[in-house]
Structures are given as C-alpha cells and as structure tokens.
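[1] Predicted model follows, preceded by the sequence.
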Protein chains: 2
Amino acid sequence: MQFTLTREYLESLAQAIERQDQQYVRQMLNELYPADIAEILEELDLDEAKYVFSLLDEEEAADVLMELQEDVREDFLENVSSKDIAQRYIDNLDSDDAADLISELPHLLRSEVLSHVEDAEQAANIADLLNYPEDSAGSLMAKELVKVNIDWTVTTCLREIRRQAEEIEQFYNVYAVNDRNILQGIVSLKRIMLSPTKAKVIDIYEPDIHSVNATISVEEVASIMQKYDLVVLPVVDDLGRLLGRITIDDVVDVITDEADKDYQLMSGISENVETTDNIWILSRARLPWLLVALFGGVVGSRVLSNYEPQIQIYPEMAFFMPLIAAMGGNVGVQSSALVVQGLANDSLSRDGIIPKLFKEFSVGLLNAMVCASLLLAYNIIFDHSLALSFTVSIALVAVISFAAIFGTFVPLALDKFKIDPALATGPFITTSNDIIGLFIYFMLGRLMYGVFP
Amino acid sequence: MQFTLTREYLESLAQAIERQDQQYVRQMLNELYPADIAEILEELDLDEAKYVFSLLDEEEAADVLMELQEDVREDFLENVSSKDIAQRYIDNLDSDDAADLISELPHLLRSEVLSHVEDAEQAANIADLLNYPEDSAGSLMAKELVKVNIDWTVTTCLREIRRQAEEIEQFYNVYAVNDRNILQGIVSLKRIMLSPTKAKVIDIYEPDIHSVNATISVEEVASIMQKYDLVVLPVVDDLGRLLGRITIDDVVDVITDEADKDYQLMSGISENVETTDNIWILSRARLPWLLVALFGGVVGSRVLSNYEPQIQIYPEMAFFMPLIAAMGGNVGVQSSALVVQGLANDSLSRDGIIPKLFKEFSVGLLNAMVCASLLLAYNIIFDHSLALSFTVSIALVAVISFAAIFGTFVPLALDKFKIDPALATGPFITTSNDIIGLFIYFMLGRLMYGVFP
C-alpha cells in the first residue's frame, strides 16, 4: 500500500509528460495520496509539475497544493487569478488549510480572493481565522466541528449530527454547548449510540475535558496535547464560547518544526533551511554564526598575542591548545544541550539555579578528573616536561569545570530574559569557551613553568 | 482547566502528607489528570510519593503509573507482588500499556505476572504483543479495536459495535474485515449512521486506507502517520490479517524521543538522559564522547609537534589556531546537521552524492570567501605580516571548504552503512576537523613564509 518514489518512476513519468500522454500520467497518479503526488511534483521541473497538476481534479488539486512546500506552492499560484484561487482551491479546502493558503498570499490579494469564495460560511470562517496571530492556538484551529446543545435529546442529536457531519470529512468528538455556545463538554458517538433515544445530552455528556483559549501559543497547545495524549482539542474564547478545534496532525508538524529549529540553531544555522534550498539561501542562513565565530576567533587571537613570549619559549604549549579548546567546547555544549532540552520539555527540576549549577559542576569535575588523569599519564609516559604535563591536566580540569557551569548558566539566563535558550548551544558557547579556556591555559602555564623550571 | 504545578502547591501537599491528612491529599488530587498526578509524584520523595499513590483508586493508579518516568515506575513496583501488579495495574490498562509495563519487568517475573492476570483475553493480547521486537510497529500497537465483517448489514454492525465498544475507551474508526480477518478497509461511524439499516458494510466501506505490517520500524510508522496526517493506523500481518492499531499519541512520543536523541548525539551525549538523572548517570552518558575528543586532541598535539620549529620562529601563527579550528568545526557541524535532518525527514534530493558534495562545497566556499576577506582586511589593518595574513585567510578558505565537504560526506557514508548519521554531527566532526584543519594551516604557513620572507 505504501508508495515509494523511485528514480525509475520519475523517469517514466517524465517521458509520459514529454509525449503529453494525459491518460498515462493520470493512470500513474491513480491510487496515490495527495502527499505522494506533492512529493512527486517537487521532484519535477516547474513546467512538468504544472502540467501534471493541471490534470488533477479540483478537490485533489486543492489537497495536493496544501501538501507542497511553501515556495513551490507560491510558484504554482503565481499566474493563477484570484477567482481561480478562490473557487478551485479555497472552496475545496477545510477552513484551517484555506486560511493558511490565504495568509501566504500578498496582503493586497487576500480580500480579493476572499470576495470570490462562493460558500459564504467558508469565507466568514476564513476571515475569522485570519485575525489570529500566526503563533496562536487560533491560527492552528479549524472551524469545522460537530456540536449539539446540552438540552437536546439523543434523537435530536442524531438528526443534527447527520446534518452537520455531511460537510465534515472526519470528526472524533461531538461537542456539547449551552444556548450561548459556551462549551460544556463532549459526548462520544459511542455514548450517543448506546443511550436511549429519549435521554438528554446533559445526562450523558462528559464535562471534564481539556480546552484552550484561542490566544495561547502553539507551543503550549503542543505540550498540552502531548502531555494528555489528546487527538483533538477544542478552542474557546475568553467567555468560554466554542470557536473551533485543533487536531493532532497539525500539532505534530509544530513539534517537528520546533525540534528542527532547535537542532539547526545548535548547529549554527539561523534560518529554517533544507538541503534542497538554493546556494544563496543556504549561505545566508549560515553566515551569521560563522561571523560570530570569526569575531570570537579574532578576540581569541588578541588574547593569545599577550602570551607571545611564552609561546616562543615553550612552543610545546601550542600543541595542546586545540585539545583544551575542544574539550571545553564539548563539555559546554553537552551541559547547555541538556538544559535546553529540559526547558523545552519542561522537565527541569523545580530547584533554583544554584543546585543545578552545582550538579553540573560535579558532573563536569568527575569527567574532567578522568580525562585529566589519562592525559597526565600519557604526557609523562611520552616524556613531555612536568611543567607541560601538569599545566595541560590542571588546565583541563579548570576549563571543563568552567565550561560545565557556563554551559548550564547561559541557557538558563537566556530563558529568564525570554530569549530562545537554544541560541546558547551553538557556536556561541564553543566560541566563548575557546577564548576563556585558552586564557586559563596560558595563565596556568605561566604559573607552572615557574614551579617546574 | 490547565493545571500548573507550583512550589506552593507542593509545599501544602507535603504538609498534608506529613500530617497524614488523607482527605485533604485526596481533595488536592481531585480533578487532576493522571499526567498531572505523575508530574506531582515525581517531585516528591519516594516515600511521600508512595503514600499519595496508595490513596488513588485502582484505575487511576494504573494510569498514573504509566505516566511516570521509567525509573520512578521501577521504584514504585519494587516491593509489589506479582499478583498485585497483575490485578491492580495490568487488568486496568489497555493492552499496549500493559505490555509496556510487563516488558519493563525482569524476565523471570513476566510470566508470573501474566499468570495472575484475571482477564484471559487481556493476558493473551499481552503475550502476543510481547513477541514483537522493541522497535517494531507491533510493539507500539494496541489490540483493542472495533471491527465488523464486510458482509454484515448496518443493523448487525450497530449491535456489534455497541458490544465491542463497551470495552474500549476511545475509538476513531471501525475496521472492515472478511471472514478470514483480513483487513478490507474502514467504515466511519458517520457513514454507518447515515446509511439505511439494510445496507451492507461492503456497500459503504472505504477500501482505500493505509495500513502497515507489524514488522516495520516505529520510525517508519512515525513518518507514514506524519506524511499522511493519520490519527490511527491499522497493523496487519504478512497475510493482511488485522492485528491491532497504532494511535498517534504513541507516535508523537516516538517522534520527540527521536528528535531528543539526535539532539543529544549531536551534543556529544551517548545515552538518553535528563538533567534530573543522578550525577553518575549523567557523567557516564557524556564521558565516551569526551574521550573521543581527548584522543583527537592528543593526535592533534602530535601533528602539531611536527611544526615546533615553525611555532618557535613564528609564534604569531599560534594566535590564529583557535580561529581556524573553530571555523572548520562550525562549518562541518552546519553541513552535517543539514544532511542528518534531511535523512531524518527524508527530504534529501534524489540526486547522487556528487551533486550534494558540490553544492555544499559552493556554499562553504561562498561563506569562506566572505570570512577570509574580512579577516584579511583585519590582519592587514592591524599590521600583521603579509605572510601571516595570507596564511590565515587562505587556510580559512581551504579549511572551510574541506569541512563543508567532509561534514556532508560523513553522515551520508554512515547512513549507507546503516549507522545512525546523527553520530557524525557531534564531537566526531569537530575533532576530525580540528586535526585536519590545523594540519592544512601549518602546511600553508610553511609555504607562505617562504613566499613572503
């Protein structure tokens, strides 16, 4: 049942496109899901893709369009009239997808497209959804839902559900509201089917449910749905009136986007990019952090220039500079990564900052002792001077301990100031650690070469 | 509606526990969901937590138990008899949770616990589930589902659904199977409710659905459910017989675990740990990569020792060692992170490896030129020698270009050999880059100081 895109498939499709063999192309796409077709279109040239797209029926085309990556979708819509966008696509989409599509259009086009939408209720729903800020629960919800009045009987419910459900592809719960549309709870279809026809909703509904205000952030929505294993979550306004519902599939996208963003921030990439983006976008996304690292390197070089005579007399000290810098950097990244993840999962202990720093310091110290001992043994065996051997090992302990504390402190501090703590795990931590670590190293060196002449 | 755990709440709970005020403790937990109660228990001492846990009713206790972190759950079950585990917890859980719980027990205990399970069907289901390898779709599925025969009428269906649904808390779809239990498709409750009572399932079912074999990996399950926006996915055996179903909430956990693991691997942490784990576990999880970095640093020091005379004559070369190493490391991490993400999302282009390397090389070169020019200007303005200025800038271009290619190549190669490519983004890339980068730097230095005497 699962479709896997192969090179052979793409080649035979491209050939069919070239000979304009509509029937064969249609047949190749038959049985495929919108997500599969979108995947195929993204592998074709734009002209080929547009040709294939033109062969899809309207409803399928709308779904495929929403599965495309945003930049490809833009290309597809470039020369399409507002009227066509409204009637071919918007009218065939659920309100949440339709609102997403419209929000990607240039501002001037939006109301023009909306004015061409034939279903007045759909147009009103979309206009409502467009009011919510991009990062809010409201922006994630769909208006399509099935609801019943809490005073209705099961018979009335069944009739109403039949009527409402006709317009809705999938629904998981029936919401119970009062006369003022204030959310009271849910009634499962199962419960409705099992109850006598004269029972009232109020006797069989489940009042104890989760709901969220439309203004909370999508990250909060994601964490609530994940914590309580919810598949769908109703959204209400400040009065508790039922506005819409958020389904887990949209939230899964938020969760993976968040994880991707953290991962990229940590790797020193400042925009959300993919390997398939073009060279300019890829370069631009990476340059900012490289410039930070470059600046750090230059500062480092100025710090080191203070130790020029020392390096000249004891050039062997330079041999271990990369080791000191790398170990400090690695420990810093380890510590900060755990804090960033803890903040993201809300799994940090509720102790204050001091116990956390102390714990990280202990972990760092433990690892530092192991590494420093091994290194000391190596250096003595391979006949480096005592001064160098002790400098390197003591510096290693100092640098690792510092890095552990620094790596814990920085993301916690950023979080306090409402800055994304994931910023801390990338080049920022490694660069700062390089500078401070090498400073510690040479300071210690000066001392040690005095002790062991 | 949302519960937020505060320090005040914990303090007043701890006081109530101390005065053994059962009623007050129960009242404090009233209205809370199992996930909330688990969160609270994890903040208490083990004795306090066990006391609170003992006040929960059986069904709630079972749910709370499954929401606890594995190590805490282990502590809770330590002195509980096999019979109690079976009858208090296993009998109150869905088959998938029950199987998870049993699989965490020591091997010897498993069949003992199973033998005490009162519901024979539950015991059989669990024994079935325990046969699937930990990382397979089978291990993620639950056996509870509602299914109808494709030849039944709507009337029969309704009766059967009522019967089956009594045992199942939540269900999203009704599966249609033939006489040999081979999955044919789904029938939505909505469709059943809208159809005449004499219609047969075969006339109203939807044959075109997704299903997976029980042996595929959970990562594949996650990517299929995510790609096709599925909330529930039926699982079949090699004959196509319906075995169970996987719901999206379990998959969300897989997705976040995967992302966490990649993030930790990249930060040089080799086990799945949290900041709340103890110092020994935290240290052990981090030590392996530190030893890799240490070893790399030692190799680096041996490479550098070949350039001792050069460092002695031109100590200023040492000033820029950290810069060269850091820039190479950063670019390497950037490149490998994008490849790792692309592999994880399956969003890499289907071109071969050469175009990818070439593209990364171009991006690297572009950024290298920008950074190298800035650095050259800086060095000349601040009056470093031409030899040093050119060495540093040319080395920077060479090192960044190399790092971009190396960072792209390594994860692709690891993936080819079925090794987790996320291994490549961490200390491994930075350490290799340090060594090779500094080697390039000093080679170039030797050349340049010849050119600009």
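    Arrived safely. Numbers count the residues shown, from 1 in each chain, chains lettered A, B, ... in the order given.

[2] Please make it C-alpha for all contacts and neighbour counts, starting now.
    Will do.

[3] Tally up the residues packed near A:G244, please.
    23 (other Cα atoms under 10 Å in any protein chain shown).

[4] Need the three-state assignment for it.
    Put simply, A:G244 is strand when judged by DSSP: H, G, I helix; E, B strand; the rest coil.

[5] Quick check: beta-bridge partners of it?
    A:V235 (DSSP bridges).

[6] Verify the stated contact: it with A:S139.
    No. Between A:G244 and A:S139 there is no contact under Cα atoms under 8 Å: 10.3 Å.

[7] Skipping adjacent residues, who's closest to A:M66 in space?
    With Cα to Cα, 6 or more residues apart in numbering or on different chains as the criterion, A:M66 has its nearest non-adjacent residue at 7.1 Å, and that residue is A:D97.

[8] now the one you found: how far from B:E58?
    Per Cα to Cα, to the nearest Å, A:D97 is found 43 Å from B:E58.

[9] hmm, back to that, I'd say the residue nearest to A:M66 and A:L65 touch.
    No. Using Cα under 8 Å, A:D97 makes no contact with A:L65, being 10.1 Å away.

[10] Between those two, which is the more surrounded one?
    Neighbour count, other Cα under 10 Å: between A:D97 and A:L65, A:L65 has more, with 23 against 20.

[11] Where does the more buried one fall, secondary structure wise?
    Using DSSP states H and E, A:L65 sits within helix A:58-67.

[12] Quick one: the strands in chain A, in order.
    Ranges of strands within chain A are A:146-149, A:174-177, A:183-187, A:212-213, A:232-236, A:242-247, based on DSSP state E.

[13] Where does pLDDT dip in chain A?
    Across chain A, the ranges flagged by pLDDT under 70 are A:1-2, A:169, A:349-351, A:453.

[14] And it, what are its domain boundaries?
    A:7-132, A:146-247, A:279-451 (automatic domain parsing).

[15] if you compare the ones you listed, which one is most tucked away?
    domain A:279-451 (a mean of 21; mean count of other Cα atoms under 10 Å in any protein chain shown).

[16] all helices of the stretch 1-150 of chain A, in order?
    In the stretch 1-150 of chain A, the helices defined using DSSP state H, counting those that start in this stretch lie at A:7-18, A:22-29, A:34-43, A:46-54, A:58-67, A:70-77, A:82-84, A:95-103, A:107-116, A:120-130, A:137-140.

[17] Please render these as JSON lines that adds distance to B:M193 to the earlier fields.
    Formatted as JSON lines, the helices of the stretch 1-150 of chain A follow (distance: least, Cα to Cα, whole Å):
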{"stretch": "helix A:7-18", "distance to B:M193": "41"}
{"stretch": "helix A:22-29", "distance to B:M193": "32"}
{"stretch": "helix A:34-43", "distance to B:M193": "28"}
{"stretch": "helix A:46-54", "distance to B:M193": "36"}
{"stretch": "helix A:58-67", "distance to B:M193": "25"}
{"stretch": "helix A:70-77", "distance to B:M193": "38"}
{"stretch": "helix A:82-84", "distance to B:M193": "36"}
{"stretch": "helix A:95-103", "distance to B:M193": "25"}
{"stretch": "helix A:107-116", "distance to B:M193": "34"}
{"stretch": "helix A:120-130", "distance to B:M193": "25"}
{"stretch": "helix A:137-140", "distance to B:M193": "29"}
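
[18] rewinding a little: what is the helix holding A:L65 packed up against?
    Secondary-structure packing of helix A:58-67 (3 or more Cα pairs under 8 Å, 6 or more residues apart in numbering or on different chains; DSSP states H and E): helix A:34-43.

[19] quick one: the helix it packs on to chain centroid distance?
    In terms of Cα atoms, centre = their mean, to the nearest Å, the centre of helix A:34-43 is set 22 Å apart from its chain centre.

[20] who does it touch, helix- and strand-wise?
    helix A:46-54, helix A:58-67.

[21] what angle do the first one and helix A:7-18 make?
    Right, helix A:46-54. On the basis of axes from the mean of the first three to the mean of the last three Cα atoms, to 10 degrees, helix A:46-54 is oriented at 80 degrees to helix A:7-18.

[22] near chain B at all, helix A:46-54?
    No. Residues of helix A:46-54 contacting chain B under Cα under 8 Å from any Cα of the partner chain: none, with a closest distance of 15.3 Å.

[23] Residues in contact with stretch A:339-356: which ones?
    By Cα atoms under 8 Å, 6 or more residues apart in numbering or on different chains, the residues outside stretch A:339-356 that reach it are A:T408, A:P411, A:L412, A:P421, A:A422, A:T425, B:R7, B:E43, B:D260, B:E274, B:T275, B:T276.

[24] Select, from those, the two members most distant in space.
    The largest separation in these, counting by Cα to Cα, is between A:T425 and B:R7 at 28.6 Å.

[25] And the biggest helix by length in chain A, what does it pack against?
    Determined from DSSP state H, the single longest helix within chain A is helix A:386-416. If you count contacts as 3+ Cα pairs under 8 Å, 6+ apart, helix A:386-416 packs onto helix A:321-345, helix A:353-381, helix A:427-451.

[26] nearest to B:D21, of the ones you listed?
    Across the helices and strands packed on helix A:386-416, closest to B:D21 is helix A:353-381 (Cα to Cα), at 30.7 Å.

[27] gap between the residue of the stretch 351-453 of chain A at minimum distance from chain B and A:I85?
    The stretch 351-453 of chain A approaches chain B most closely through A:V363 (5.4 Å), counting by Cα to the nearest Cα. Using Cα to Cα, one gets 59 Å for the distance from A:V363 to A:I85.

[28] cool, and A:L68?
    15 Å.

[29] now swap in A:L447 and tell me
    Taken as Cα to Cα, the span from A:L447 to A:I85 is 74 Å.

[30] now do A:D237
    30 Å.
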